[in-house]
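Trainee: Pasting the sequence and the predicted model now:
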Protein chains: 2
Amino acid sequence: MTVKSNKGVILKAYPKGIPKLDENFELTHRTIDIECLNLKENEFILRNLYLSIDPYVRVTLQDPTSIIMKYSKGVLTGQVVNGLGVSEVVKTNNPNYKVGDLVYGPIGWEEYSYIKSDDASVSSFMLVNKELLKDTPLSYHASFLKFGGLTSYASLIDIGKPKEGETIYISTAAGLTGQLVGQIAKIKGLRVVGSTGSDEKVDFLLNELKFDAAFNYKKVDLDKALSEYCPNGIDIYYDNVGGKTLEVALEHCNRFARVVACGMISQYHVTNPEERYGVKNLTNIVLKSMIFQGFVVTDYFGKDIEKEFDKDIIEWIKSGKIIYKETVIDGVENIAKTFVDMLNGKNIGKYIVKIADY
Amino acid sequence: MTVKSNKGVILKAYPKGIPKLDENFELTHRTIDIECLNLKENEFILRNLYLSIDPYVRVTLQDPTSIIMKYSKGVLTGQVVNGLGVSEVVKTNNPNYKVGDLVYGPIGWEEYSYIKSDDASVSSFMLVNKELLKDTPLSYHASFLKFGGLTSYASLIDIGKPKEGETIYISTAAGLTGQLVGQIAKIKGLRVVGSTGSDEKVDFLLNELKFDAAFNYKKVDLDKALSEYCPNGIDIYYDNVGGKTLEVALEHCNRFARVVACGMISQYHVTNPEERYGVKNLTNIVLKSMIFQGFVVTDYFGKDIEKEFDKDIIEWIKSGKIIYKETVIDGVENIAKTFVDMLNGKNIGKYIVKIADY
């Protein structure tokens, strides 16, 4: 009996604003017959284990005519949504992977992913180093030890250029990216200030991650909060939000400040270009000789900084210098809900969905 | 008889929008008694020869309570306006300068400038290398061979990182900065596209400076023009304008494009922060891994790039690789009018005011 359940989540309709569970997603009960599938050259089949729940996925769920889709490959209605995760190879006609290998890469929101030879993703998978499983749980490999952690590390070091004694302000500081950026900045000797969306998360930043200051952006005036918590101005603004938050932060930036443009979560939901927030004070960039730089994590693949990350992060985890907080939710049927919860700011730390036991 | 005329231009009222000649400026007829002035240590008196007419001066003419003045030292009403120029030392108690030296630096819009020991500018002057006067007229030293040229050169090389075969788009391409950026980019093998505000200037860019394409921004739809003239997208946007022009250019930028934020002339006149243009598409910076970087030319002083500029620019002038177009206007009484004309886009090439014969 090789026919197996292959439940998956498809996009039912393009969301407007923050997606709604029943309106935009649908769980489909499909099956897959692994033994009978005839794999072409380079193809392989994955049993998905842990899925990372990331904000960037929202960008892929836009109407293909939307302006933002000029730069990003999207999911069409009726298709399975994609995300990053860690999986086990269960059948393969690809010389790079053998049965039993653990791989990391772009999988579907589903139990099994059939990676076809004409998928762009066929060459995007990386082997998980099983040696590392002695020191780290497998769930860490769904994001933290790959794209998620490298995102924080490489962008902070390469664009932020942190120097001891400087001040960094991080928006959405309690997400995976923010929590790691903050902790690395502490290791480098910076004053670390973060904002987040609940008092519980503020406690987490202050008491567990040892940020120098943290505040609930829903309860304060941002301009006043930055005056209070960044009395020497901002040298690095790690921006996950864009829009009005970016505008206010620019006013507090020092000469030669760096803005790491990691994401603009406030703008991803806005499908009508006219309704996007207009940032009015870009003269700050000129007058203060600032750098405002975007990146995607793939820019750093194969660079030295990737190897430095692999080395540092394991050392920091083992020595307890870095805490990584994740919440693991069980079951493919909970992926869409977890994603919506994350966009609504319900997570503390990183949301991971466990799809199957390893 | 050592009492000399020292006519100068004072700021009569803080301008709103583009300054108006009679409303905002006033010519004062003062005198200076050079012999009787008792110079303290480090002080000196300059006979001003050539004054550079630059857009940045507009930034210094803001109400001191205006938001833009947080980062820039301004001129108060009743004070002489300042600009950059080249002058002859006529009296000195400063060990760095002797009578007869030619110096370059921040002078007043006046016939003689008395540089006091407590002026911030006292240490901002540089000696003009008289050797260079064999190959270059003195007027070139009022801007082109110092701040003006270095502005173009250093920012293009350091931030723009031009590579052969790439496309650069330059706004206000017929000004000093634009014309030099374009010509250096041609030397580096780029496709050079410029916009400017009159058909006459378009001819100048195409026929004299040999730009690959140029257009009159007043007569075209910018989005369509960029599609037509930058068919492979923009790799470097050299921004002198900001606002809506920046917004449209961002849409045409390629992955890894660099925006050199040299100035935002469209925004300097806007004193009410709420009326500034809001740029709505900064998600481009994230999604296309772009760099958007500001600078002021003083960032490059004393760096290697300054020496490289000094060497390259003289060689390019002598070999005819670089054309420099300036319009020299006579007389201190014409400074304010020339400045207003420049802001209204009447100049082709660089406006210089000759204050006195050398």
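Mentor: Cool, the structure landed. Numbering: from 1, shown residues only, chains lettered A, B, ... in the order given.
Trainee: Tell me how many other residues crowd the nearest residue to residue A:229 once chain neighbours are set aside.
Mentor: In space, and not counting its chain neighbours, residue A:229 is closest to residue A:213: 4.0 Å by C-beta to C-beta, 6 or more residues apart in numbering or on different chains. Using the backbone N, CA and C atoms, a C-beta is placed for each residue, glycine as well. Using other C-beta atoms under 10 Å in any protein chain shown, residue A:213 is surrounded by 18 other residues.
Trainee: give me every residue that touches residue A:213.
Mentor: Contact analysis of residue A:213 by C-beta atoms under 8 Å, 6 or more residues apart in numbering or on different chains lists A:191, A:192, A:193, A:194, A:206, A:229.
Trainee: wait, residue A:234 sits on residue A:249?
Mentor: Yes: counting by C-beta atoms under 8 Å, residue A:234 does reach residue A:249; the two are 6.3 Å apart.
Trainee: Common neighbours of the two, please.
Mentor: Jointly contacting residue A:234 and residue A:249 under the rule C-beta under 8 Å, 6+ apart are A:169, A:226.
Trainee: Pull the number of nearby residues for the closest residue to chain B within the stretch 251-358 of chain A.
Mentor: For the stretch 251-358 of chain A and chain B, the shortest gap (C-beta to the nearest C-beta) falls at residue A:278, measuring 1.9 Å. Residues contacting residue A:278 under the criterion other C-beta under 10 Å number 16.
Trainee: Then residue A:17?
Mentor: 10.
Trainee: gap between it and residue A:198?
Mentor: For residue A:17, the distance to residue A:198 (C-beta to C-beta, to the nearest Å) stands at 20 Å.
Trainee: and if you look at residue A:339?
Mentor: Counting by C-beta to C-beta, the gap from residue A:339 to residue A:198 is 18 Å.
Trainee: So between these two, which is more surrounded?
Mentor: Set residue A:339 next to residue A:198 and count neighbours by other C-beta under 10 Å: residue A:339 wins out with 27 against 16.
Trainee: That one is in contact with residue A:57, isn't it?
Mentor: Yes: between residue A:339 and residue A:57 there is a contact under C-beta under 8 Å: 6.6 Å.
Trainee: For the stretch 101-250 of chain A, which residues are neighbours of chain B?
Mentor: Residues of the stretch 101-250 of chain A found near chain B (C-beta under 8 Å from any C-beta of the partner chain) are A:242, A:246.
Trainee: one more time with 7 Å, if that's ok
Mentor: Counting by C-beta under 7 Å from any C-beta of the partner chain, the stretch 101-250 of chain A comes close to chain B at residue A:242.
Trainee: so how many other residues sit close to the residue in the stretch 101-250 of chain A that chain B sits nearest to?
Mentor: Of all residues in the stretch 101-250 of chain A, residue A:242 sits closest to chain B, at 6.2 Å by C-beta to the nearest C-beta. Look at residue A:242: counted by other C-beta under 10 Å, it has 24 neighbours.
Trainee: Give me the below-cutoff pLDDT ranges for chain A.
Mentor: Residues of chain A meeting the criterion pLDDT under 70: A:1, A:66-73, A:268-271.
Trainee: Would you mark the buried spots in stretch A:76-96?
Mentor: Under the neighbour-count criterion of 16 or more other C-beta atoms under 10 Å in any protein chain shown, stretch A:76-96 has A:80-92, A:94 buried.
Trainee: Per the annotation, how does chain A divide into domains?
Mentor: A:3-128+A:326-354, A:145-299 (automatic domain parsing).
Trainee: Dump the ones you listed into JSON lines; add distance to residue B:324 as well.
Mentor: What follows is the domains of chain A, written out as JSON lines (distance: least, C-beta to C-beta, whole Å):
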{"stretch": "domain A:3-128+A:326-354", "distance to residue B:324": "39"}
{"stretch": "domain A:145-299", "distance to residue B:324": "24"}
